[in-house]
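[1] predicted model, plus sequence, below.
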Amino acid sequence: MPDAPARPDHPPSWYAASLPPSALRAPLQGATRADVAVLGAGYTGLTAALALAEKGYRVTVLEAARVGWGASGRNGGQALAGYGCDLRVLEARLGAADARLLFDFSRDGLRMLKERIARHRIDCHWRDGHANVAIRPRQQRALRADTERMAQRYDYPLQWWDRAQLQRQLASERYLGAQYDPAGGHLHPLAYAQGLARAAEAAGVVVHEQSPVTRLQHGPRPVLHTAWGRVDADFAVLAGNALLRGIAPELETRMMPVGTWIGATPPLGAERAHALIRNDMAVADVNWALDYFRLSHDHRLLFGGQASYSALPPPGLRTAMLRRMRRVFPQLADVGLNHLWGGCIDITRNRAPHWGRLAPNVYFAQGFCGHGVASTGLAGEVIAAAIAGQAQRLDVFERIGHRRFPGGPALRMPLLVAAMSWYKLRDRLW
């Protein structure tokens, strides 16, 4: 049997640079058996594996590269309740009662994230607080109305901050108001992924890195094949999201990869950093192609945005990111970016979560739409419960329904780029 080829460590990012190198988990060699085989060692796959192991299942996880290689190790680190879509999308699809049920599930997901961090002592620098901020008057009006609606229809206590109140916490003239959620927050994404993997392994999960799945074999016992081995299982879980790459074409037609990018400044020092965001909250604007930012535990500004709907780095990325950062914080005119990285997230047409079954023994979750730090863990818990015979929550998610992206393999991406260009233009003009 040939040796597995060498693969690089995590892609360059401040997240990877800020952590000590981790030992490679052995690639899969040969055939093995498990109760559950999981594709993907990101938040969804690892949370499902951990939850199943704690229920007594034997679980094997196959990761194409390293733990947290994809969006789980590169994202903006912002965690909040809800999903990537407006709740009106869920109301239209499912009715008010089930939309409320799904939102309450997302609150559980945020709570379980914090409990998981505490229970397994994952050192991922959790900080409380998240603000959605408005740039234009129409956004301000909509955000304030949404704050009231969330209290009335969803019993969710968000705070509305006018411009003066916001500026007491955020040293930027750009924003007109904020919807503040004290239950949200932010963390170090890669540190969380690695801590989650250690917790899963302590519960008995076997994780194989550098073991890309080449084929899913359906049947009474699904099989995940790699170039050097196979895992036969009673159940399979597909948690590859934007990186499935041919394993399940029926899922990939309902998902589109989108590039997103993050820069990290040099350490600013505690005083200068906290003069920017005094309460250490995470911040995101409400543009379609949004900016999002927060402070790191070593007093850097981490600034993300510049979404690329072609999944390719935009031209002049560093210059564009610096321009966007300095538009928010002109006081950082003398500060550059020490690190700049990105990668793909997955979106669905309606930005709603796409979780369910491909077969009675094959489960999947995708469509986190840039909103996955908390909801990925919820997906893992929901799938684990369904495998264990408690499928009520997954059944609600399956009823959302998802359409394919139009255009087929050749035109899907160009059509999306054209559509998103309109939303970006709207954000600029009014």
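    Arrived safely, thanks for sending.
[2] residues contacting the residue nearest the centre of the chain?
    With distances taken as CA atoms, centre = their mean, the chain has residue 372 as the residue nearest its mean C-alpha position (2.9 Å). Taking CB atoms under 8 Å, 6 or more residues apart in numbering, we find residue 372 in contact with 43, 71-72, 75, 345. Just so you know, the C-beta spots here come from the backbone N, C-alpha and C atoms, and that holds for glycine as well.
[3] surely residue 208 touches residue 27?
    Yes - Residue 208 is within contact range of residue 27, at 5.6 Å (criterion: CB atoms under 8 Å).
[4] leaving out sequence neighbours, find the closest residue to residue 191.
    Ranked by CB to CB, 6 or more residues apart in numbering and with sequence neighbours excluded, the top spatial neighbour of residue 191 is residue 124, at 4.1 Å.
[5] backbone dihedrals for the residue nearest to the centre of the chain, please?
    Recorded main-chain torsions at residue 372 are phi -100, psi -10, according to degrees, to the nearest 10.
[6] all helices of the stretch 251-400 of the chain, in order?
    Counting by DSSP state H, counting those that start in this stretch, one finds helices in the stretch 251-400 of the chain at the ranges 270-276, 317-328, 372-387, 392-398.
[7] need the winner for burial among these.
    Per-residue neighbour counts averaged over each of these give the maximum for helix 372-387, namely a mean of 27 (mean count of other CB atoms under 10 Å).
[8] please, where are all the strands along the stretch 251-400 of the chain?
    With DSSP state E, counting those that start in this stretch as the definition, the stretch 251-400 of the chain shows strands at residue ranges 256-264, 282-285, 292-295, 301-308, 339-347, 354-359, 362-366.
[9] so which of the ones you listed comes closest to residue 50?
    Ranking those by distance to residue 50, with CB to CB as the measure, places strand 362-366 first at 14.7 Å.
[10] sheet partners, orientation included, of the closest one?
    Here strand 362-366 is paired, per DSSP bridges, with strand 229-238 (parallel), strand 354-359 (antiparallel).
[11] which stretch among the ones you listed is buried most, on average?
    The highest mean neighbour count among the strands paired with strand 362-366, using mean count of other CB under 10 Å, belongs to strand 229-238: a mean of 23.
[12] what average pLDDT does that strand get?
    Within the predicted structure, the mean pLDDT of strand 229-238 is 98.
[13] and the pLDDT at the residue nearest to the centre of the chain?
    The model reports residue 372 with a pLDDT of 94.
[14] ok, residue 390 to residue 364 distance?
    Computed as CB to CB, to the nearest Å, the residue 390 to residue 364 distance reads 18 Å.
[15] of those two, which one has the most company?
    The residue with more neighbours, out of residue 390 and residue 364 and counting by other CB atoms under 10 Å, is residue 364; that gives 25 against 11.
[16] show me what the more buried one bridges to in the sheet.
    According to DSSP bridges, residue 238, residue 356 are recorded as the beta-bridge partners of residue 364.
[17] verify the stated contact: it with residue 248.
    Yes - proximity of residue 364 to residue 248 meets the contact threshold set by CB under 8 Å, at 6.9 Å.
[18] hey, what's in contact with both of those two?
    Residues touching both residue 364 and residue 248 comprise 238, 358, with contact defined as CB under 8 Å, 6+ apart.
[19] so where's this structure shaky on pLDDT?
    Within the chain, the segments meeting pLDDT under 70 span 1-8, 308-312, 406-430.
[20] try 90
    Flagging of the chain using pLDDT under 90 yields the residue ranges 1-11, 241-246, 250, 252-260, 288-289, 305-316, 343-348, 369-370, 401-430.
[21] where is the longest helix in it?
    If each helix of the chain is counted by residues according to DSSP state H, the longest one is helix 96-119.
[22] thanks again, I'm all set now.
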